[in-house]
Structure formats: structure tokens, C-alpha cells
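Q: Sharing a model prediction with you, sequence too.
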Amino acid sequence: MHTATNHRGFGGIFEGCMDLDRKRVAFKCARGGLNPNEETHKALKDLSREAYIWSKLEHVNVAKLYGFALVNGRIGMVSPWMENGNIMQYLRARPLVNRYSLCAQIANGLAYLHAQGVVHGDLKGANVLIADDVTVKLTDFGNAILPNGSLRFTGTSGTLCFSARWAALEILEYKPRNFSTDSYALGMTLLEVITGKVPFHEKPIEVIVISSILKFELPRRPEELRGRENENLWNVLLNCWSKILSCRKTADEVYATIMERLSDSQT
């Protein structure tokens, strides 16, 4: 196996091949191998928690978990390798692709998670993969929550972990992630996909982004979402970012609006 993507705090993602059919796979490993220390114990606990939630998911727009593997003394999760990378990498290579179709798939995948009672917890472009057939695959369930799961994990971290540009105000206020915070992140992710730029791209420093979110400033309407044909979709994004949680659109509602936008563009 060799390193294929940048290392994350979790440990790293590597590309490898299955022994039997030589199928290319991604291997997400825990930091620290199997050495018995506090950091390794926490990493393995995080991995077990993520795998437990991920193993319960089966949907066309969710990356598949094959199982566990032990490679060179490191334990990790095995999933299909996505040559196209994440959606933002794919869009840089294929800028003319139908972005609304990709957005619909993202919303559809999140709607499935919510129907299963799962909160993704860290939805953003970097956590949306593109398969060879241009199917969207949601991935990275390290921050996911399954409130009604039968298996219980005690807290493994005392630090607040979030992606600022996609984080709702409640997360910055140390409130729990839920379907509403996912809806907020969904709106930001769709904005990211449609424009090809991260939310609040005009603010290069994340401290400034966090300050803006605390003031409840919203992204400016981009050129890509101007025009009468985009009015409904822009309003849906604004609703995703509503300060009133009950007013935020569900993933199902966002999916329906995008499908309507796609239908209008084909008539």
C-alpha cells in the first residue's frame, strides 16, 4: 500500500489492493498502530464507533464499508477506492459536468442517512466522493451520530471538532449536532459545488469566518445562482441556513427542489 491522499488527524487514507481479486480499495487507518497507549486506545475507539455507524448504511449515494483489515501493524476500515477523488477535485477536472445532478445526489444521500436516524456531522465537499460512473458517495462518518443505536460509546474527545465554513451557529456554541446542523451544512456544500468555491471564500482566515457565523452573516448570493430559474433553489439554501432551526429545509425537501430545477432545465 502507498499513501494516496493527504493524512488527516484520524491517521491517514491509503490506496491498496484486495489480495484475491486485486480490486483497488481505500484503507483508513487509526493513528498509532496497535501500541498500547492512551492515544492509540482513543484512536481505536473512534474507529470502532465510526465503523459501527457506517456498517449500518447501504445506499447508492453512500460509500460502502467492506470491513476491517490489519496492514503492517495498523488496523483500519476498507472501502472502495474512488479514482475521481472528492467532488471538488472532480469538478476541477470536469468543470462542465451537471452540478445540479451532483447536488441532487448529495441531498438524496443525506436524506437516506436521516431516514436511518444518522446525523452525518461533517458534510462538506471534501467528504463527498465521486465513483467511476459519476455517482456521488457520502463518506467520512468520524463525526456521525446514531442517537438510537444499540451499541453505546463513551465520549472519546474533550475538544470541539468542526469544519468552520460548513458549521452552523449551534455547533460553535457547543450544542449537539443534529439533522438541522446537517441541513445547514448541506446548504453550504451545495453552494460549494455550484460555485466551485468554499463557503465564505472571500474570507481567507477561518477566525474571520467563525466571527461572521457568530454574527449570523450568510454567504452572498453568487452569480451562478442568480436569475429566475434559480430563485427557488437560492431560497431553499437560505432556509437551510435559517437561524430558526424548525425553518430549515430537510434533506428530502432540498432534494425535491433540486429535482424540480433539473426538470425545468430540460423543458
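A: All right, it came through fine. Since the structure is predicted, the reported quantities are computational estimates derived from the model, not experimental observations.
Q: so who does the residue nearest to A111 when sequence neighbours are not counted touch?
A: Spatially, and ignoring its direct neighbours in sequence, A111 is nearest to A251 (3.8 Å; Cβ to Cβ, 6 or more residues apart in numbering). No exception for glycine: its C-beta is placed from N, CA and C like everyone else's. With contact set as Cβ atoms under 8 Å, 6 or more residues apart in numbering, A251 has these partners: A107, N108, L110, A111, L113, H114, F179, D182, S183, L186.
Q: Mind checking which of those residues are in helices?
A: A107, N108, L110, A111, L113, H114, F179, D182, S183, L186 (DSSP state H).
Q: Tell me the one among those residues nearest to K28.
A: L113 (18.4 Å; Cβ to Cβ).
Q: okay, now the nearest residue to the closest one once chain neighbours are set aside: neighbour count?
A: Spatial nearest neighbour of L113, chain neighbours left out: H120 (5.6 Å); criterion: Cβ to Cβ, 6+ apart. When counting by other Cβ atoms under 10 Å, one arrives at 27 neighbours for H120.
Q: Surely H120 is in contact with L146?
A: No: checked against Cβ atoms under 8 Å, the pair H120 and L146 is beyond contact range at 10.8 Å.
Q: which sections of the stretch 1-150 of the chain are below the confidence cut-off?
A: 1-11, 19-20, 31-40, 149-150 (pLDDT under 70).
Q: So which residues of it form helices?
A: Assigned by DSSP state H, counting those that start in this stretch, the helices in the stretch 1-150 of the chain fall at 38-54, 87-93, 99-115.
Q: From G12, how far out is E206?
A: When Cβ to Cβ, to the nearest Å is applied, the distance between E206 and G12 equals 23 Å.
Q: So between those two, which is more surrounded?
A: Applying other Cβ under 10 Å to E206 and G12 shows that G12 carries more neighbours, namely 18 against 12.
Q: if I read this right, the more buried one contacts C29, doesn't it?
A: Yes: when contacts are counted by Cβ under 8 Å, G12 is listed as touching C29 (5.8 Å).
Q: Please identify the buried residues of stretch 73-82?
A: R74, I75, G76, M77, V78, S79, P80, W81, M82 (16 or more other Cβ atoms under 10 Å).
Q: Which parts of the stretch 101-250 of the chain are strands?
A: Listed in chain order, the strands of the stretch 101-250 of the chain (DSSP state E, counting those that start in this stretch) span residues 128-130, 136-138.
Q: could I get those as JSON lines with mean neighbour count?
A: Shown next, in JSON lines, are the strands of the stretch 101-250 of the chain (neighbours: other Cβ atoms under 10 Å):
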{"stretch": "strand 128-130", "mean neighbour count": "25"}
{"stretch": "strand 136-138", "mean neighbour count": "24"}
